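S.K.: just the structure for this:
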Amino acid sequence: MIGIVGGGLSAAKVVESYRDSGGTDEIVLWSQDPHGPYHRPPLTKRLLRGESTPEDALISLHGVDVRLGERIESLDAVDADTIVLATGATPRKLGDALAFRTLDDSLELRRRAASAKTATVVGGGFIGCEITASLTMIGLEVTQIVRDPMLFATIGCPPLSESLHEIYRANGVDLRLEASDIPDADIVVAGIGVEPNVELAREAGLDVRSGIVVDERFRTSRDGVYAIGDVAEFFDPIYRRHRRIEHWSTAAYHGTTLGKILAGDESARYDTVSSFFSEEFGRSFRSFGDASGHDGTSLEGDFSGDHAVFRFLRGGDTISAVAIGLDDEEQDALKDEIRAGAATTHA
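M.R.: Numbers count the residues shown, from 1 in each chain. Sure, this is the predicted structure:
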């Protein structure tokens, strides 16, 4: 039997991929969330704005015993030959501000927004920026408090951030950079990051650093136990180091790849140029790879326009990029460029 602890996207993808790859073992999935697996990107966008329903976000699963609203307190309680930890992460709290992570959080914020006029959003990353945009689009007056000097500061792409500052202010957002005071509003929402849910792993004696340490085949330090998604600090062979990523595309890739592994695919492993996207006011950008250790940058195009690529360079080679307006073929070419650049810098 395969026991999956956690009910997010990565867990769902394990089930789908395992069955699609011919896996026949019994699967039991435990999820604390009462809704079961669902896609998170709509929660800050279409669902929050009332453009979609909760059912649109749900992921239908077959060939698995899904046990909702159940909490696993110890790995010893999981009677399975193979255990997959897909326990995700928990949002950091900020006083009485509404934390945002789940489908129910999105519905609660939408309910409050229906009778509100003003909102304060704390945070300048993905959650903060997407919530600010959505609340503004449905008519609220939004103040966004950002401790950093720019939006998406962790990405390190000033041309993107500067274009977003213009867009947010043009749409009426009271954007306050390098700020800490939180003004009163009808609604206060915090998007200040998450903490990985590693308690089960620590209690079981697994190797834990920023997350549960796994190799490129998602194996933990204990035989038969795997970890994927937001909670996993996985080995990335492209950059030859461990990383932990909290984004939809990585969770999907982890789960799909592990499903193949558990079904017996000996060649399956983590081997992709990571990417993630964000959308604000109808415009989206995508980030590729890992810019750690870059020693230069270059800009092609204009982020205020329809097409731009900001490259992070090491020794003149592209190791990461942020882009808008690329079609699928251009994205694939950029990923190939990044893969080759990362390999060259490690040669």
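S.K.: quick one: pLDDT of the residue nearest the centre of the chain?
M.R.: Using C-alpha atoms, centre = their mean, the residue of the chain that lies closest to the mean C-alpha position is H247, 1.7 Å off. Confidence at H247, expressed as pLDDT, is 94.
S.K.: what residues of stretch 335-344 count as buried?
M.R.: K335, E337, I338, R339, G341, A342 (16 or more other C-beta atoms under 10 Å). Where you see a C-beta, it was placed from the backbone N, CA and C, and this is true even at glycine.
S.K.: so what touches it?
M.R.: Identification of contacts with stretch 335-344 by C-beta atoms under 8 Å, 6 or more residues apart in numbering yields 238-239, 272-273, 275, 288-289, 313-315, 317-321.
S.K.: quick one, which of those are buried?
M.R.: The buried subset of the contacts of stretch 335-344 - by 16+ other C-beta under 10 Å - is 238-239, 273, 275, 288-289, 313-314, 317-321.
S.K.: quick check: the closest residue to T220 other than its chain neighbours vs V28, distance?
M.R.: Excluding the flanking residues, the one nearest T220 by C-beta to C-beta, 6 or more residues apart in numbering is L206, at 5.0 Å. To V28, L206 is 20 Å away according to C-beta to C-beta, to the nearest Å.
S.K.: just A133 next, same as before
M.R.: Taken as C-beta to C-beta, the span from A133 to V28 is 39 Å.
S.K.: for stretch 66-74, list every residue counted as buried.
M.R.: Neighbour-count burial for stretch 66-74, counted by 16+ other C-beta under 10 Å, picks out V66, I72.
S.K.: what distance separates the start and the end of it?
M.R.: In stretch 66-74, first residue to last residue: 18 Å (C-alpha to C-alpha, to the nearest Å).
S.K.: what does stretch 109-128 give?
M.R.: With C-alpha to C-alpha, one end of stretch 109-128 sits 13 Å from the other.
S.K.: ok now that stretch, how far from the chain's centre?
M.R.: Computed by C-alpha atoms, centre = their mean, to the nearest Å, the chain-centroid distance of stretch 109-128 equals 19 Å.
S.K.: go on, stretch 307-314?
M.R.: Chain-centre distance of stretch 307-314: 21 Å, with C-alpha atoms, centre = their mean.
S.K.: which of the residues in that stretch are buried?
M.R.: A308, V309, F310, R311, F312, L313, R314.
S.K.: the residue nearest to the centre of the chain contacts R286, doesn't it?
M.R.: No - H247 lies out of contact with R286 (C-beta atoms under 8 Å); the separation is 10.6 Å.
S.K.: now the common contact residues for those two.
M.R.: Here H247 and R286 share the contacting residues F276, scored by C-beta under 8 Å, 6+ apart.
S.K.: which element is T257 on?
M.R.: Here T257 sits within helix 248-262, counting by DSSP states H and E.
S.K.: do the same with L135
M.R.: Counting by DSSP H and E, L135 is part of helix 126-137.
S.K.: packing partners of that helix?
M.R.: Counting contacts by 3 or more C-beta pairs under 8 Å, 6 or more residues apart in numbering; DSSP states H and E, helix 126-137 packs against strand 118-122, strand 141-146, helix 158-170, strand 187-190, strand 275-280.
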